[in-house]
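1. model the structure of this input:
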Amino acid sequence: MNEDGDIPTSRPATIEDVARLAGVSIATVSRAIRKPEKVAESTRKKVTAAIARTGYTANAMAQSLRTQKSKMVMVLTPSISDPNFAGLLTGMEKAANMNGYGVLIANTEGSIELEKNHMRFLSSGMVDGLILLTGHLPVAGHVKPAGFKFSPLVAANRPVTTGTVPYVGVDDVGAAKIATEYLISLGHRKIVYVGSDETDPVSDLRRRGYLEGLEEASGRIVPWCVDGGTSNEGGRAAVERLFIKDTLPTAFFCYNDDVAVGVISALRLRGYGVPQDFSVIGFDDTSIASYISPALTTLRQPRGLIGEAAMDMLLRIIGGEISEGTQRLFHGDLTVRESCGPANN
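-> Residues are numbered from 1 along each chain as shown. Here you go, the predicted model:
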């Protein structure tokens, strides 16, 4: 092992390497592998991380681990700064702790290389299952190691569009339809959906709900969709493009709260008031929604319940109680605040 803790490629990792990197004894490493329930969770996490980093798999103890339960679950997230992450994780850890499981957080920051690194946990058998918050299978489109097989999987918050990965999340279609119907009830007929690009499955679901809301309205309302990305910068840019074209709606239904904040900011910079001149509605009900002025009307996701249900579903799959392909959707609640008002046609 070199000074950075990495194993030379010329030799396989040994249990001594794992012990040295984890800062524990060889006996502790052995115990963590053979009888993880008898090792403190903090120590078990150190050993698990060291095994994943060194790639220590080709030995009898690692094979023994695969015949037992590690009592650990990995959560693969594209960013721990996502405003939905904390609530989801709280629910996941609640369900995990109730069942004697620990949770490992694998933050990818959108990097395939980091995803590849986290795959070591899966290939070494150091986790019993995986919760995906990324919206795709790990290192999708890249060659997997020989003999690689995914641990039991559940997607949360963002569905995986390939395969039959079980999913737990908010009913994006139903919630978006509620938002659209609310704007229509205020007299709005020119409603624009400010969404992410067409490759984003969540934005696509919310767009579907928006379209359903328009279709069921009395009288024909023309659909109107613009690209606003997923950030407040995207929301501001979307508004600027509309002003350049001199085609303005009376209401904005936004992909998420961040985009809605960007829309409100851009309207204010041009001297317009919300909701006096335009109505704006978001999605997610993150903390910023109640602090911005005017307070944002939005759709609330029950993040804690989603996280708890996702972990419960995964543990039931691990235990053989349910099969893959299951889906559970939660109702999104309309939270009316100050950013929507009657249409000024």
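2. and the gap between the residue nearest the centre of the chain and Ile281?
-> Nearest to the mean C-alpha position of the chain, counting by CA atoms, centre = their mean, stands Leu133 at 3.3 Å. Note on Leu133: its distance to Ile281, by CB to CB, to the nearest Å, is 24 Å. Heads up, the C-betas are built off the backbone N, CA and C, glycines and all.
3. wait, what's in contact with Ser79?
-> Phe85, Asn107, Thr108, Glu109, Gly110 (CB atoms under 8 Å, 6 or more residues apart in numbering).
4. what do you get for Pro302?
-> Contacts of Pro302 (CB under 8 Å, 6+ apart): Val170, Phe330, His331, Asp333.
5. ok, now with 7 Å
-> Applying CB atoms under 7 Å, 6 or more residues apart in numbering to Pro302 gives the contacts Phe330.
6. any idea how far His331 is from it?
-> When Pro302 is compared with His331 (using CB to CB), they lie 8 Å apart.
7. what's the answer for Met311, then?
-> Distance from Met311 to His331, by CB to CB: 20 Å.
8. over to Val18?
-> Applying CB to CB to Val18 and His331 gives a distance of 46 Å.
9. and the two? Which one has more around it.
-> Val18 (30 against 13; other CB atoms under 10 Å).
10. in three-state terms, how would the nearest residue to the more buried one once chain neighbours are set aside be classified?
-> Spatially, and ignoring its direct neighbours in sequence, Val18 is nearest to Ala50 (4.7 Å; CB to CB, 6 or more residues apart in numbering). Under DSSP: H, G, I helix; E, B strand; the rest coil, Ala50 falls in the helix class.
11. neighbours of Ala50, just the number please.
-> By other CB under 10 Å, 23 other residues sit near Ala50.
12. which ones are touching it?
-> Contacts of Ala50 (CB under 7 Å, 6+ apart): Val18, Leu21, Ala22.
13. surely the last one meets Arg44?
-> No. Counting by CB atoms under 7 Å, Arg44 is not a contact partner of Ala22; they are 9.8 Å apart.
14. quick one, grab the pLDDT at the closest residue to Gly23 other than its chain neighbours.
-> In this structure, Gly23 finds its nearest non-sequential neighbour in Lys46, 6.7 Å apart by CB to CB, 6+ apart. For Lys46, the model assigns a pLDDT of 88.
15. helix/strand/coil for Lys46?
-> The three-state label given to Lys46 by three-state DSSP is helix.
16. shaky segments in the stretch 201-345 of the chain?
-> Across the stretch 201-345 of the chain, the ranges flagged by pLDDT under 70 are 323-325, 345.
17. and with 90 instead?
-> Under the criterion pLDDT under 90, the flagged ranges of the stretch 201-345 of the chain are 217-220, 245-247, 318-326, 344-345.
18. in it, which spans are helices?
-> 201-215, 232-245, 257-269, 288-291, 303-318 (DSSP state H, counting those that start in this stretch).
19. and the stretch 1-150 of the chain, by the same measure?
-> 15-22, 26-34, 41-54, 60-66, 85-98, 112-123.
20. those helices: which one's closest to Val259?
-> Among those, helix 85-98 comes nearest to Val259, with 17.7 Å by CB to CB.
21. pLDDT (mean, whole number) over the closest one?
-> pLDDT averaged over helix 85-98 gives 94.
22. where does Gln301 fall, phi/psi-wise?
-> Gln301 adopts backbone torsions of phi -90, psi 130, taken as degrees, to the nearest 10.
23. quick one: it and His331 touch, right?
-> No. Between Gln301 and His331 there is no contact, the gap being 9.9 Å when judged by CB under 7 Å.
24. quick one, strands of the stretch 51-200 of the chain?
-> 72-77, 102-107, 129-132, 153-156, 167-170, 191-195 (DSSP state E, counting those that start in this stretch).
25. picking up where we left off before, gap between the residue nearest to Gly23 and Thr108?
-> Separation of Lys46 from Thr108 (CB to CB): 21 Å.
26. so what's Val173 closest to, chain neighbours aside?
-> Among residues not flanking Val173 along the chain, Gly209 sits closest, at 4.1 Å (CB to CB, 6+ apart).
27. nope, Arg268 is what I meant
-> Val274 (7.4 Å).
28. equivalent analysis for Cys254, please.
-> That would be Ala260: by CB to CB, 6+ apart, it lies 3.9 Å from Cys254.
29. contacts only, for that neighbour.
-> With CB under 7 Å, 6+ apart, Ala260 has these contacts: Gly235, Cys254, Val280, Ile281, Gly282, Leu296.
30. would JSON lines of these with neighbour count and distance to Asp246 be doable?
-> Formatted as JSON lines, the contacts of Ala260 follow (neighbours: other CB atoms under 10 Å; distance: CB to CB, whole Å):
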{"residue": "Gly235", "neighbour count": "30", "distance to Asp246": "19"}
{"residue": "Cys254", "neighbour count": "30", "distance to Asp246": "21"}
{"residue": "Val280", "neighbour count": "28", "distance to Asp246": "20"}
{"residue": "Ile281", "neighbour count": "29", "distance to Asp246": "23"}
{"residue": "Gly282", "neighbour count": "31", "distance to Asp246": "25"}
{"residue": "Leu296", "neighbour count": "28", "distance to Asp246": "26"}
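31. inside strands: which ones of the residues you listed?
-> Judged by DSSP state E, the contacts of Ala260 include Cys254, Val280, Ile281 as members of strands.
32. which one of the residues you listed is nearest to Gly320?
-> When these are ranked by distance to Gly320 (CB to CB), Cys254 comes first, at 42.0 Å.
33. cool, thanks, talk later.
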